[in-house]
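Chemist: Sharing a model that was predicted from the sequence below.
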Amino acid sequence: MYKILLTAMFYFSILFLNSNQIYVSAQSTGLFEAYADIGNVGIVGSSVYDEVEKSYTLSGAGENMWFEKDAFHYLYKKVSGDFSLSAEIKFIGNGINPHRKAGVIIRQNLNPGSPYADAIIHGDGLTSLQYRENENDLTHEIQATVNAPKMVRITKEGNYIFMEVANEHEDFHSPGGSFRLKLTEPYYIGLGVCSHDSTVLEKAVFSNVELNEARTNIGGDAMLESTLETINIESKDRKVIYNTNEHIEAPNWSLDGTFIIFNSEGLLYRIPASGGIPEIINTGFAVKCNNDHGLSPDNKQIVISDQSQDGNSHIYILPIEGGTPKLVTKKAPSYWHGWSPDGKTLAYCAERNGQYDIYSISVDGGEETQLTNIEGLDDGPDYSPDGKYIYFNSVRTGKMQIWRMRTDGSEQTQLTNDEYNNWFAHPSPDGKWLVFVSYEKDVIGHPANKDVMLRIMAADGGEVKTLTKLFGGQGTMNVPSWSPDSKNVAFVSYRLIKE
């Protein structure tokens with residue numbers, strides 16, 4: 001039962017609702033309305049507003065803000081519409097647990113298992129955007145590339161949540177990553193502290209706090225932001241590798257696990273899988289590479305689809321360290337998508353006589369073999385790791401769905417049949433899973449800047465599960481992007497920032 005203590009003009013009243021305590025007191029709460037201990041905190045927390053310094057000191061206990069329920073101290077305000085909340089955060093003392101948390105928080109309700117999102121700084125400096133999509137679901141996170149920033153900001157724009165950070169003398173900027181979270185108005189927005197130990201109180205000071213309506217649905221141009229991320233298929237937690245205001249697409253994870261390749265503005269780049277500064281790969285004359293590229297099974301060559309020579313996409317092969325591309329497909333347009341496990345054959349989508357189908361060809365070039373010949377688009381072929389099958393997507397049944405066939409084109413079998421348009425199925429290196437991109441049912445093709453999902457299913461079909469929801473589409477995951485241990489997938493998410 002909430003125990004609500006109302007103190008105003010020295011008048012007190014008590015109403016029993018549940019075990020947590022919500023305080024709305026005569027003492028000013030600044031920009032906020034009330035404070036409460038959420039969940040079983042162990043020790044009662046507190047919120048104190050300093051009118052002179054315009055700062056808030058929060059004390060909070062609680063075992064964690066994670067899994068299916070939270071326990072922490074919360075200072076909040078009920079709002080509707082789109083808002084952003086920013087604060088400079090400083091822990092007091094060295095702390096007991098390095099996982100103690102302080103941050104800015106959006107919650108659907110005050111229940112321990114509420115859907116929520118927060119921009120959180122941990123005691124050890126880890127900074128992440130955490131979220132729980134549904135009541136009593138597991139919590140997931142997007143780990144940022146920055147550590148212990150001075151300030152954080154959380155913004156709700158429609159059904160998307162974003163985090164921004166800043167240090168001394170810096171403007172707020174994105175460390176990358178966002179997710180889709182549908183909240184019912186009104187919702188709660190505020191500050192929170194969790195000690196990560198129900199027997200300990202931890203304190204943090206929040207200063208330079210600003211609560212503003214978000215600038216959404218305005219005219220003018222928007223700046224594109226791209227974030228290269230990875231997601232763990234078991235925990236569904238995401239990690240930012242690289243964030244930029246340049247347009248990047250289509251990550252390939254190297255087969256030794258050390259680096260990731262992506263394309264941007266017609267060129268290829270490689271970046272350490274742990275993050276860092278991208279380096280241009282020398283692709284010679286090929287300076288109009290599109291987002292259909294990949295690596296050979298022996299990790300020694302790169303295959304690209306490039307249209308520098310005659311304006312049409314041709315497939316080329318070059319050394320992994322860079323060099324002069326060697327032409328494979330004389331006919332165009334041809335868009336690479338799969339390399340056979342034995343290293344001898346390429347599979348690709350090509351337009352011939354006004355129809356797009358799946359073809360294969362020797363890595364040495366020569367005559368191509370047509371594998372599909374059905375009206376409507378067939379695209380995205382990728383080989384199973386045992387070399388027995390090619391997975392592809394086809395619109396032949398009315399919606400884009402995932403299919404599988406033998407490498408000679410026989411036994412074409414539909415694997416998905418749902419309300420979404422499913423693209424670019426990539427089998428895991430261990431042969432157990434397929435991961436693919438799903439658009440809403442009314443989306444035609446695979447355009448950029450759409451609400452999409454990364455989804456996963458067993459390699460031979462069955463139940464489809466959602467890994468994450470994001471703003472993306474074209475460029476998010478066009479090509480094979482599994483880590484070699486089959487535990488993670490690389491992808492690109494996007495954001496349109498209103499200027």
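Modeler: Here it is on my side, so go on. Numbers count the residues shown, from 1 in each chain.
Chemist: Which parts of the chain belong to which domain?
Modeler: If you go by automatic domain parsing, the domain ranges for the chain are 26-213, 233-488.
Chemist: what mean pLDDT does the longest one have?
Modeler: So that's domain 233-488. Mean pLDDT, domain 233-488: 98.
Chemist: Give me the distance between the two termini of that domain.
Modeler: Terminal residues of domain 233-488 lie 6 Å apart, using C-alpha to C-alpha, to the nearest Å.
Chemist: Kindly reformat the domains of the chain as JSON lines containing mean neighbour count and distance to residue 225.
Modeler: All C-beta spots, glycine's among them, are computed from the backbone N, C-alpha and C. Below are these laid out as JSON lines (neighbours: other C-beta atoms under 10 Å; distance: least, C-beta to C-beta, whole Å):
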{"stretch": "domain 26-213", "mean neighbour count": "20", "distance to residue 225": "6"}
{"stretch": "domain 233-488", "mean neighbour count": "19", "distance to residue 225": "6"}
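Chemist: Can I get those in CSV including distance to residue 223?
Modeler: As requested, the domains of the chain are exported to CSV (distance: least, C-beta to C-beta, whole Å):
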stretch, distance to residue 223
domain 26-213, 11
domain 233-488, 6
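Chemist: First-to-last residue distance for stretch 303-310?
Modeler: Stretch 303-310 has an end-to-end distance of 18 Å (C-alpha to C-alpha).
Chemist: And the contacts of it?
Modeler: 266, 268, 283, 285-290, 292-296, 313-318, 325, 328, 332-336, 339, 346, 348 (C-beta atoms under 8 Å, 6 or more residues apart in numbering).
Chemist: Pull out the buried positions in whichever strand or helix holds residue 496.
Modeler: Element membership for residue 496, per DSSP states H and E: strand 488-498. By neighbour count on 16 or more other C-beta atoms under 10 Å, the buried set for strand 488-498 is 488, 489, 490, 491, 492, 493, 494, 495.
Chemist: Distance of the third one relative to residue 143?
Modeler: Here residue 490 is placed at a distance of 14 Å from residue 143 (C-beta to C-beta, to the nearest Å).
Chemist: Check the fifth one too.
Modeler: Look at residue 492 and residue 143: by C-beta to C-beta, they are 16 Å apart.
Chemist: The last one now?
Modeler: Applying C-beta to C-beta, one obtains 17 Å for the distance of residue 495 from residue 143.
Chemist: which ones are touching the closest residue in space to residue 436 that isn't next to it in sequence?
Modeler: Of all residues not flanking residue 436 in the chain, residue 425 sits nearest, at 4.2 Å (C-beta to C-beta, 6 or more residues apart in numbering). Counting by C-beta under 8 Å, 6+ apart, residue 425 touches 380, 382, 391, 392, 393, 402, 415, 434, 435, 436.
Chemist: Which residue ranges of the stretch 351-499 of the chain form strands?
Modeler: 355-362, 369-370, 378-383, 389-394, 401-406, 413-414, 421-427, 433-439, 450-458, 465-472, 488-498 (DSSP state E, counting those that start in this stretch).
Chemist: so what does the fourth one touch, helix or strand wise?
Modeler: This means strand 389-394. strand 355-362, strand 378-383, strand 401-406, strand 421-427 (3 or more C-beta pairs under 8 Å, 6 or more residues apart in numbering; DSSP states H and E).
Chemist: Could I get the pLDDT score of the residue lying closest to residue 124 once chain neighbours are set aside?
Modeler: Leaving aside its sequence neighbours, residue 124 sits nearest to residue 98 (C-beta to C-beta, 6+ apart; 4.0 Å). If you check residue 98, the pLDDT there is 96.
Chemist: helix, strand or coil for residue 98?
Modeler: Here residue 98 is coil, with the state taken from DSSP: H, G, I helix; E, B strand; the rest coil.
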